[in-house]
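> Everything below, folded, please.
(one chain, ligands or ions: 1)
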Amino acid sequence: MTGSWHPLVFTPYLRPQIWGGRALAERFGKPLATAEPYGESWEISGHPHHISVVSEGPHAGETLADLCEKYPREIFGRTIPGDGKFPLLIKLLDCHELLSVQVHPNDEQAEQILGNEKGKTEAWVVIDSLESGEIYAGLKPGMNRSQFEQHMADKTTGQALHRFRPHAGDCVFIPAGTIHTMGGGVLIAEVQQTSDATFRIFDWNRLDKNGASRALHLQESLMAIDFSKGPVAPVEPRPLADGGQRLIECPYFTIDRYSSPKSVAVPTGELSIWMLLGGSAELVGDDGEYRRLFTAGQSVLVPAAAKSLGWIGTSTDSPAQLLRITLPA
Ligand code: ZN
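Predicted structure coming up:
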């Protein structure tokens, strides 16, 4: 199909995790197939573990990977990635229990240690947090490598990390090499490089029901941790001329936020991903040919070849919270 494209909506991939809960169903109506705790909804993914499938419209049934291969210019516009693959992984996370303390390698380290993976820089936007919610990001001030290794040996690694209580709206930037974890009832939107390169450093001395602990990757972690990375605090949003806020601008993605907007224009000629974190909003084509209501927890990819579109906030009782994710020019 050439000519103009409609926005692409995908079937989310819901992943059970021991640290998850039921908030993805309770909060966003995600269909959780079993009674297990669920940690992740992969909203938009080109990662081989699960490649997103279009759920509606002219491309229903096609995968994101196939579309990127067949129609790179229509999907990406001028910012076609060097390897042609979809470069971002977009998720919702229900961190009901603490995740393991972990670190992700950068691109060079991932290539060197794992061979077939990219590095992983990621960012979180907190949708909601319980009183018990906590984020660990970066090392405590002055924590050096030998002190850190002592904490690893003593199995007190959590004490080496900077910790804070998250609040709805906090955005936290975790470049590759930054040690991190979270849990205790934190619901977040996550934007990351397409990668599954995670090195587990510490699992809180937990054992599963068979008395086994999950594998740790201590040597790889020590290669990947950036020991110059001290405490990480939520970012300071920067106002944009169109009423939005710039949250993150990094070599892999840009994240902007629109809170209770009456209308937001969608950029034309470039790819944009939108996540609705609260309320509801309609995505409407300027020519009236496309109109669709989105509710909290839904995501949509607007290809570069889409006609001119805009968001219209609908609800007054629960205003729309929109995230816009774009690729660097
Ligand atoms: Zn991570």
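
> excluding its backbone neighbours, what's nearest Phe76?
Leu271 (5.4 Å; CB to CB, 6 or more residues apart in numbering). No exception for glycine: its C-beta is placed from N, CA and C like everyone else's.

> Then Ile44?
Of all residues not flanking Ile44 in the chain, Ile90 sits nearest, at 4.2 Å (CB to CB, 6+ apart).

> Can you pull out the low-pLDDT segments for the stretch 201-329 of the chain?
By pLDDT under 70, the low-scoring segments of the stretch 201-329 of the chain are 315-316.

> How about the spatially most central residue of the chain: which residues does it bridge to?
For the chain, the residue nearest the mean C-alpha position is Glu190 (1.9 Å; CA atoms, centre = their mean). Assessed by DSSP bridges, Glu190 has beta-bridge partners Lys91, Trp124.

> could you check the distance from it over to Gly211?
31 Å (CB to CB, to the nearest Å).

> Shouldn't Ser146 be within a helix?
Yes. The assignment for Ser146 is a helix, going by DSSP: H, G, I helix; E, B strand; the rest coil.

> thinking again about what came up before, contact partners for the residue nearest to Ile44?
Taking CB atoms under 8 Å, 6 or more residues apart in numbering, we find Ile90 in contact with 42-45, 189-191, 273, 275, 299, 325.

> returning to that earlier point: can you give me the neighbour number for the residue nearest to Phe76?
Counted by other CB atoms under 10 Å, the residues lying close to Leu271 total 25.

> what sits against it?
75-77, 79, 301-304, 326-327.

> so which of these would you say is closest to Ala281?
Among the contacts of Leu271, Val302 lies closest to Ala281 (CB to CB), at 13.3 Å.

> Thought Trp274 was touching the closest one, still the case?
Yes. With contact defined as CB atoms under 8 Å, Val302 reaches Trp274; the gap is 6.9 Å.

> overlap in contacts of those two?
Common neighbours of Val302 and Trp274 (CB under 8 Å, 6+ apart) are Val266.

> Can you show me the strands along the stretch 101-250 of the chain?
101-103, 122-129, 134-139, 161-164, 171-174, 180-183, 186-193, 199-202, 238-239, 245-249 (DSSP state E, counting those that start in this stretch).

> so which of these comes closest to Ser280?
That would be strand 122-129 among those, by CB to CB, at 14.8 Å.

> Okay, the nearest residue to Arg200 once chain neighbours are set aside and Gly84: tell me how far apart.
Leaving aside its chain neighbours, Arg200 sits nearest to Ser100 (4.6 Å; criterion: CB to CB, 6+ apart). Here the distance between Ser100 and Gly84 works out to 33 Å (CB to CB).

> Kindly report the same for Glu40.
25 Å.

> Kindly report the same for Ile113.
Applying CB to CB to Ile113 and Gly84 gives a distance of 24 Å.

> Next one: Ala320 from Asn144, what distance?
Taken as CB to CB, the span from Ala320 to Asn144 is 45 Å.

> Confirm for me that Thr198 is in contact with Gln102.
Yes. Between Thr198 and Gln102 a contact is recorded at 5.2 Å, counting by CB under 8 Å.

> which of these two has more neighbours?
Gln102 (22 against 18).

> Pretty sure the more buried one sits against Ala197.
No. Taking contacts as CB under 8 Å, Gln102 lies outside contact range of Ala197: 10.2 Å.

> sorry, back to before: a markdown table please, covering the contacts of Ile90 and showing distance to His6 and secondary structure.
Output for these, formatted as a markdown table (distance: CB to CB, whole Å; DSSP: H, G, I helix; E, B strand; the rest coil):
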| residue | distance to His6 | secondary structure |
| --- | --- | --- |
| Trp42 | 22 | strand |
| Glu43 | 18 | strand |
| Ile44 | 15 | strand |
| Ser45 | 20 | coil |
| Ala189 | 23 | strand |
| Glu190 | 26 | strand |
| Val191 | 23 | strand |
| Ile273 | 15 | strand |
| Met275 | 18 | strand |
| Ser299 | 15 | strand |
| Ile325 | 19 | strand |
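
> Looking at these, which is nearest Glu108?
Val191 (21.3 Å).

> Tell me which residues touch the nearest residue to the closest one once chain neighbours are set aside, please.
With sequence-adjacent residues excluded and distances taken as CB to CB, 6+ apart, Val191 is closest to Ala123, at 5.0 Å. Counting by CB under 8 Å, 6+ apart, Ala123 touches 171-174, 190-192, 247-248, 250, 253, 255.

> Which of the contacts of Leu271 fall in strands?
301-302, 326 (DSSP state E).

> now for stretch 124-141, what's the gap between its first and last residues?
Length of stretch 124-141, first residue to last, CA to CA, to the nearest Å: 22 Å.

> whoops, stretch 56-73 was the one
21 Å.

> which one of the contacts of Leu271 is nearest Ser263?
Val302 (15.2 Å).

> if we can go back for a sec, show me which of Glu40 and Gly84 is the more surrounded one.
More crowded of Glu40 and Gly84, by other CB under 10 Å: Glu40, with 21 against 14.

> Return the set of buried residues in the strand or helix carrying the more buried one.
Per DSSP states H and E, Glu40 falls inside strand 38-44. Residues 38-44 are the ones in strand 38-44 that count as buried (16 or more other CB atoms under 10 Å).
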